[in-house]
Every structure is written in structure tokens, then in C-alpha cells.
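In: what follows is a protein structure lacking sequence information:
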């Protein structure tokens, strides 16, 4: 019980140090170091740290070596999205829009909800997707050129 509380307290520091190491050239090209960093990311993610859930989820989902690890990545991403992580919201929306590994079944309502959440957090690709969806009547939406235009106005440039 105490160790779990300590890990939860240290998760932000563990994530920060691991993320810095992961991005440095010092730790590249070493499978041993890579496995160690992935364990650290998982430890921080399992403690509920939003950024760790997002980063570890993306790594597993997009670069996992098996279907099982990719699905687990999607689950971590969904947890991060539920905590309000903008990038995770967008990625989970895509998982539900397109379906993924037989685990994330196509669900337009969930996809739309996550796209809206990501767009409200100013994720540019989500804003564009909503504008397109309203323009074409996709994701279970009725065609609404006015709403499409409102979303397009939020796009930069």
C-alpha cells in the first residue's frame, strides 16, 4: 500500500526523467536501455500519470510489436483521453472511427465525442476532422455548413 502511494507521488518525476532520457541520443540504439525506459513509462502510466499514459500508449499503439501490445496502447490512450489529454483524445477518436485490432470496434458516437473533446482542446487535426464531418455529414452528423464553417474558422492560417 505504501509503495503504491510513493510511486504515485514519484510518477511525475519518473516520467520526466524517462521522457528526457528517451529523447536523448545517449540512450538510442540500445535495446536494454529501451526496455528499461518502457518499464519506467509503464510504471508511471500504471500510477495514472496523464502524460505517461499518453506517451506510453502512443508508443505501444503505433510501434508495438504485437497485436496485444497495440491494443494495450489503445487502452492507455483511452485512459489518457478520459483525463483530458488532447493528443490521446484525437488518437482514440481515430481508433473508434476506423476500428482497431478487433478490440476498438467502429463506434461513430465515441469517435465524434473524442474528436469534439480534442477539438475543444484546440487539436488542429480534430478541428479539421469536425469541419469535414459537418460538411460531408459523416460520423453520424447531419450536413451543417454553418457548423462546418465555424470549425474551419478555428483552424490556423
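Out: Noted; the coordinates are in hand. Remember, predicted model here, so these are calculated numbers, not experimental data.
In: packing partners of the helix or strand hosting residue 52?
Out: Secondary structure from DSSP states H and E places residue 52 in helix 50-63. With contacts taken as 3 or more CB pairs under 8 Å, 6 or more residues apart in numbering; DSSP states H and E, helix 50-63 sits against helix 2-23, helix 31-46, helix 67-82, helix 86-98. Every C-beta, even on glycine, is put in place using the N, C-alpha and C of the backbone.
In: would you mind listing the buried residues in the second one?
Out: If I follow you right, that is helix 31-46. 37, 38, 40, 41, 42, 43, 44, 45, 46 (16 or more other CB atoms under 10 Å).
In: one more: stretch 135-148?
Out: Buried, per 16+ other CB under 10 Å, within stretch 135-148: 135, 138, 139, 141, 147, 148.
In: ok, those residues vs residue 61, which is closest?
Out: Taking CB to CB as the measure, residue 139 is the one of the buried residues of stretch 135-148 closest to residue 61, at 20.9 Å.
In: wait, is that closest one part of a helix?
Out: No. Checked against DSSP: H, G, I helix; E, B strand; the rest coil, residue 139 lies outside a helix; its state is coil.
In: what about it, distance to residue 107?
Out: Going from residue 139 to residue 107 by CB to CB, to the nearest Å gives 10 Å.
In: repeat for residue 85
Out: Taking CB to CB, one finds residue 85 at 19 Å from residue 107.
In: neighbour-wise, which of these two wins?
Out: Remark: of residue 85 and residue 107, residue 85 carries more neighbours, 24 against 15, as counted by other CB atoms under 10 Å.
In: per-residue pLDDT, the spatially closest residue to the more buried one that is not a sequence neighbour?
Out: Nearest residue to residue 85, sequence neighbours excluded (CB to CB, 6 or more residues apart in numbering): residue 54, at 4.5 Å. Residue 54 carries a pLDDT value of 97.
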